[in-house]
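**Student:** I would like the atomic coordinates for the input below:
(one chain, ligands or ions: 1)
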Amino acid sequence: MGKERTPYGVALEQLRLAAEKLNLDPGIHAMLQVPKRSLTVTVAVKMDNGKIGVFQGMRVQHMDARGPFKGGIRYHPNVTLDEVTALSMWMTWKCSVMDIPYGGAKGGICCNPKGMSRNELENLTRRYTSMIFDLIGPYRDVPAPDVYTDAQTMAWIMDTYSQRVGYSVPECVTGKPISVGGSEGRNEATSMGVDICVREACKPLGMKFKGATVAVQGYGNVGWNAAKIAYDWGAKILAVSDSMGGIYCKEGLNPYKVNEHKKKTGSVVNFKGTENITNAEVLETKCDILVPAALENAITKENAHRIKAKIISEGANGPTTPEADDILYENKIMLVPDILANAGGVTVSYYEWVQNLEREHWPLEEVNKKLELKMVKAFGDVHALSKKEKCTMRIAALMLGVGRVADAIKTLGLWP
Ligand code: NAD
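**Tutor:** Numbering: from 1, shown residues only. Here you go, the predicted model:
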């Protein structure tokens, strides 16, 4: 593999490209290149064997000019401050593109959650929450799930925060279980947004969603739900993968059955009636729609030439490098960028927060209707700008996102 940028390197290059197009004030550009605040913490945890485990955790707050910080928490052995900083920046642009009143943040703990018991994960989560307690809160910074964290993790954060302040604060975190104030539709919201973007992208290309062929990289919350919704809407799922490898079936596979198989065996591989393929082959499958829904730097200058899909909808954050973006654009592949494609998650997180603050619980139909309207509007804005500026959808989305944040900074002014 050639030398690729780190996620933060990618985020800085994207910002540079948008700043150039926007003729951005150099001072504001300089402010946006770095997070407003970064905290690293050493999380000491009581492990099941009686020993102490020591983990590095962090919370990075990029920019809050448009509202409180918002962003997920990731548990993964490769979590670094570089990665979390990039993810926090992408959150700022994402909330801005969607016109949601939040700023961008992200958190992470460098750990191997697959090798930890439920009790150890609970201890880790509660200790981490205590250590970043001063930074978070319903009007400061509102965490949510990301890779290898889920609704249960959010419930532990809510409880730890609530115990510290002495009363229940469901609005301090989103992506919670419904039983403790979670929103209907949050679990599937990111993937719903990914598929709404695909549906909208099909229109100008004269393609039909129904019958389109799909490949999905990553079979976690985003990947599996994106495959399921696409299947429900009539698409044919040809290939999917997870960290263990991929599977392919020319006739199309049933994502529900693949999910059952993954629950039983821990992976999608070796699913009956499919052929095992590599992760690389999943990305390069001949199909209409590709959904990268795993981690960063999946599509690089090394493999971008071999991507055959007509539409890419980025479920993951940062799956494509700037060099790969150029190659895909030249090859006339329509790429719906992460800060738009996967923004359904933060949009319904925002609805969850609003419901919590109002002490309300909206029905699923209402949540989905609001999500649909927001996604279609944002897609339309970004697509129109990309046509006007003759640029990629990514640059158009960044122009919209960065531009609105820059306006907010200028309007607020600097004080003291
Ligand atoms: P998850 O932990 O539920 O799933 C991650 C999946 O990726 C797992 O199936 C894992 O096996 C797979 N994976 C890991 N490495 C892989 C590899 N090299 N090749 C193929 N598969 C691999 O996480 P998630 O919440 O689904 O998040 C996935 C991506 O979507 C991340 O980039 C995350 O930041 C982004 N995202 C998530 C949300 C959300 O609401 N959960 C919202 C916006 C963006």
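
**Student:** all contacts plus neighbour counts: C-alpha atoms, from now on.
**Tutor:** Noted.

**Student:** Which parts of the stretch 51-200 of the chain are helices?
**Tutor:** Ranges of helices within the stretch 51-200 of the chain are 81-97, 118-131, 151-165, 186-205, based on DSSP state H, counting those that start in this stretch.

**Student:** What residues does the stretch 101-250 of the chain have near the ligand?
**Tutor:** Residues of the stretch 101-250 of the chain found near the ligand (C-alpha under 6 Å from any ligand atom) are 145-148, 190, 217-223, 241-243.

**Student:** picking up where we left off before, single out the most deeply packed of the helices of the stretch 51-200 of the chain.
**Tutor:** helix 81-97 (a mean of 26; mean count of other C-alpha atoms under 10 Å).

**Student:** From the contact counts, what lies against that helix?
**Tutor:** With contacts taken as 3 or more C-alpha pairs under 8 Å, 6 or more residues apart in numbering; DSSP states H and E, helix 81-97 sits against helix 7-22, strand 52-63, strand 69-76, strand 103-110, helix 338-341, helix 393-412.

**Student:** who touches the fourth one?
**Tutor:** Pointing back at strand 103-110 there. 55-80, 84-85, 87-93, 95-96, 141, 143 (C-alpha atoms under 8 Å, 6 or more residues apart in numbering).

**Student:** List the buried residues for it?
**Tutor:** When neighbours are counted by 16 or more other C-alpha atoms under 10 Å, the buried residues of strand 103-110 are found to be Gly103, Gly104, Ala105, Lys106, Gly107, Gly108, Ile109, Cys110.

**Student:** Go through these and say which is closest to Asn276.
**Tutor:** Distance to Asn276, by C-alpha to C-alpha, is smallest for Cys110 among the buried residues of strand 103-110, at 30.2 Å.

**Student:** is that closest one in a bridge, and if so with what?
**Tutor:** Beta bridges link Cys110 to Gln56, His76 when assigned by DSSP bridges.

**Student:** what pLDDT does it get?
**Tutor:** With respect to pLDDT, Cys110 scores 98.

**Student:** Tell me the spatial nearest neighbour of Glu323, not counting adjacent residues.
**Tutor:** Lys301 (5.6 Å; C-alpha to C-alpha, 6 or more residues apart in numbering).

**Student:** Okay, and that neighbour sits in which element?
**Tutor:** Taking DSSP states H and E as the definition, one finds Lys301 inside no helix or strand.

**Student:** Between which two of the buried residues of strand 103-110 is the distance greatest?
**Tutor:** So, the buried residues of strand 103-110 by C-alpha to C-alpha: farthest apart are Gly103 and Cys110, at 23.7 Å.

**Student:** Mark which of the contacts of strand 103-110 are buried, thanks.
**Tutor:** So, of these, 55-76, 79-80, 84-85, 87-93, 95-96, 141, 143 end up buried under the neighbour-count rule (16+ other C-alpha under 10 Å).

**Student:** for Glu314, what are its contacts?
**Tutor:** Contact analysis of Glu314 by C-alpha under 8 Å, 6+ apart lists Val194, Val291, Pro292, Ala293, Leu335, Val336, Pro337, Asp338, Ala341, Asn342.

**Student:** Those residues: which two are farthest apart?
**Tutor:** Most distant of these, by C-alpha to C-alpha, are Ala293 and Leu335, 13.7 Å apart.

**Student:** Neighbour count: these two, which is higher?
**Tutor:** Neighbour count, other C-alpha atoms under 10 Å: between Ala293 and Leu335, Ala293 has more, with 30 against 25.

**Student:** Isn't the more buried one up against Val222?
**Tutor:** Yes - using C-alpha atoms under 8 Å, Ala293 is in contact with Val222, at 6.1 Å.

**Student:** Overlap of the contact sets of the two?
**Tutor:** Gly315, Ala316.

**Student:** Quick check: end-to-end length of stretch 107-116?
**Tutor:** Distance between the two ends of stretch 107-116: 19 Å, counting by C-alpha to C-alpha, to the nearest Å.

**Student:** from the chain's centre, how far out does that stretch sit?
**Tutor:** How far stretch 107-116 lies from its chain's middle: 18 Å, per C-alpha atoms, centre = their mean, to the nearest Å.

**Student:** Ok, stretch 116-135 next?
**Tutor:** 22 Å.

**Student:** Could you do stretch 150-159 as well?
**Tutor:** Centroid displacement of stretch 150-159 relative to its chain, using C-alpha atoms, centre = their mean, is 18 Å.

**Student:** Now do that stretch: everything it contacts.
**Tutor:** Residues contacting stretch 150-159 (C-alpha under 8 Å, 6+ apart): 122, 125-126, 129, 143-145, 168-170, 172-177, 180.

**Student:** what about it, average pLDDT?
**Tutor:** The average pLDDT within stretch 150-159 is 98.

**Student:** Format the CA atom coordinates belonging to that stretch as PDB.
**Tutor:** What follows is stretch 150-159, C-alpha atoms only, in PDB (Å, rounded to 0.1, in the frame of the first residue of the first chain):
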ATOM      1  CA  ASP A 150     -24.400   0.700  21.700                       C
ATOM      2  CA  ALA A 151     -27.600   1.600  23.500                       C
ATOM      3  CA  GLN A 152     -26.500  -0.200  26.600                       C
ATOM      4  CA  THR A 153     -23.300   1.800  26.700                       C
ATOM      5  CA  MET A 154     -25.400   5.000  26.500                       C
ATOM      6  CA  ALA A 155     -27.600   3.800  29.400                       C
ATOM      7  CA  TRP A 156     -24.500   3.400  31.600                       C
ATOM      8  CA  ILE A 157     -23.300   6.900  30.600                       C
ATOM      9  CA  MET A 158     -26.800   8.300  31.400                       C
ATOM     10  CA  ASP A 159     -26.900   6.600  34.800                       C
END
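
**Student:** elements contacting the helix ranked longest in the chain?
**Tutor:** Counting residues, the longest helix in the chain under DSSP state H turns out to be helix 364-389. For helix 364-389, the packing partners by 3+ C-alpha pairs under 8 Å, 6+ apart come out as helix 186-205, helix 338-341, helix 344-358, helix 393-412.

**Student:** separation between Trp128 and the ligand?
**Tutor:** Rather than Trp, residue 128 is Tyr. Here Tyr128 is placed at a distance of 19 Å from the ligand (C-alpha to the nearest ligand atom, to the nearest Å).

**Student:** wait, what's in contact with that residue?
**Tutor:** Per C-alpha under 8 Å, 6+ apart, neighbours of Tyr128: Val41, Val43, Gly57.

**Student:** roughly how far apart are Lys388 and Val10?
**Tutor:** Counting by C-alpha to C-alpha, the gap from Lys388 to Val10 is 25 Å.

**Student:** ok, Glu330 - how many residues close by?
**Tutor:** Residues near Glu330, counting by other C-alpha under 10 Å: 11.
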